[in-house]
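Undergrad: With the input below, show me the fold.
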Amino acid sequence: MAWLLWLAAACAVVLFAVALPLLARIAICFALAAANLRSVDACVLLRGRKAVRAISWEQGEFTVLLGATRTPVPALLAPGSFRLGWLVVLRLQTSGGLRAVLIDGARQEKSAFRLLCRRLKGAKTAVPGAPGSATVTIGPEV
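TA: Numbering: from 1, shown residues only. A predicted model of the protein is given here:
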C-alpha cells in the first residue's frame, strides 16, 4: 500500500507543481505509473518470470531462484543495494540483466537475515578470493 501512496504523491507533485503543459504532465504520470507498477510487481509482490523468489550465497557468490519455476541463476551483488532497518533492497546482476528484490527481515529466519545484512555490509570492504562461510539461503520465499 505504501508503494501506491508514494506513486500517487509523485503524480500529484507532477500534476500540480510542475510548470509544463497539462498533456506533458499527464504523460509523465503515466510513465511513472508504468515503470513503478512493473517494478513493484516483480520486486515486492514477487510476480513474473523476473521476480527473485529466493536467494542463497556461498563465499560471496549469490544464486537467485527466478520466477514461479524457481530457475537457479548465478548473480553478483550490484551497486545500489542497501538496508533500511528491517528492510533490505538487493540489486543483483545476472546474465539476464539486473534484478532487484525487497526483503522484509520480519518475515525471514533471524539468523539468515543477520548473515545477509553482514554480507551486504561486508560487500563494501570485501577482499576478492577471501574464504567465506558455508552456504546460506534466504527463503523459501523472499
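Undergrad: Which phi and psi values does residue 24 adopt?
TA: phi -70, psi -40 (degrees, to the nearest 10).
Undergrad: let me fix that: residue 67
TA: phi 70, psi -180.
Undergrad: got it, and residue 49?
TA: According to degrees, to the nearest 10, residue 49 has phi -70, psi -20.
Undergrad: wait, it sits on residue 66?
TA: Yes. Using CB atoms under 8 Å, residue 49 makes contact with residue 66 at a distance of 6.7 Å. Glycine gets a C-beta too; all of them are placed from N, C-alpha and C.
Undergrad: Which of those two has more residues huddled nearby?
TA: More crowded of residue 49 and residue 66, by other CB atoms under 10 Å: residue 66, with 21 against 11.
Undergrad: pLDDT value on the residue sitting nearest the centre point of the chain, please?
TA: With distances taken as CA atoms, centre = their mean, residue 101 lies nearest the centre of the chain, 2.3 Å away. Residue 101 is assigned 85 on the pLDDT scale.
Undergrad: ok, it touching residue 81?
TA: No. Shown here, residue 101 and residue 81 do not form a contact pair, counting by CB under 8 Å, at 9.7 Å.
Undergrad: which neighbours do those two share?
TA: Taking CB atoms under 8 Å, 6 or more residues apart in numbering as the criterion, residue 101 and residue 81 both touch 89, 90, 92.
Undergrad: Do a quick rundown of the strands in this structure.
TA: Counting by DSSP state E, the segments of the chain that form strands are 52-58, 61-66, 71-77, 82-84, 87-94, 97-104, 136-138.
Undergrad: what's the second one in contact with?
TA: For strand 61-66, the external contacting residues (CB under 8 Å, 6+ apart) are 49-57, 71-77, 92, 94, 96, 99, 139.
Undergrad: List phi and psi for residue 85.
TA: Per degrees, to the nearest 10, the backbone of residue 85 is at phi 70, psi -120.
Undergrad: For it, which non-adjacent residue is closest in space?
TA: residue 105 (7.9 Å; CB to CB, 6 or more residues apart in numbering).
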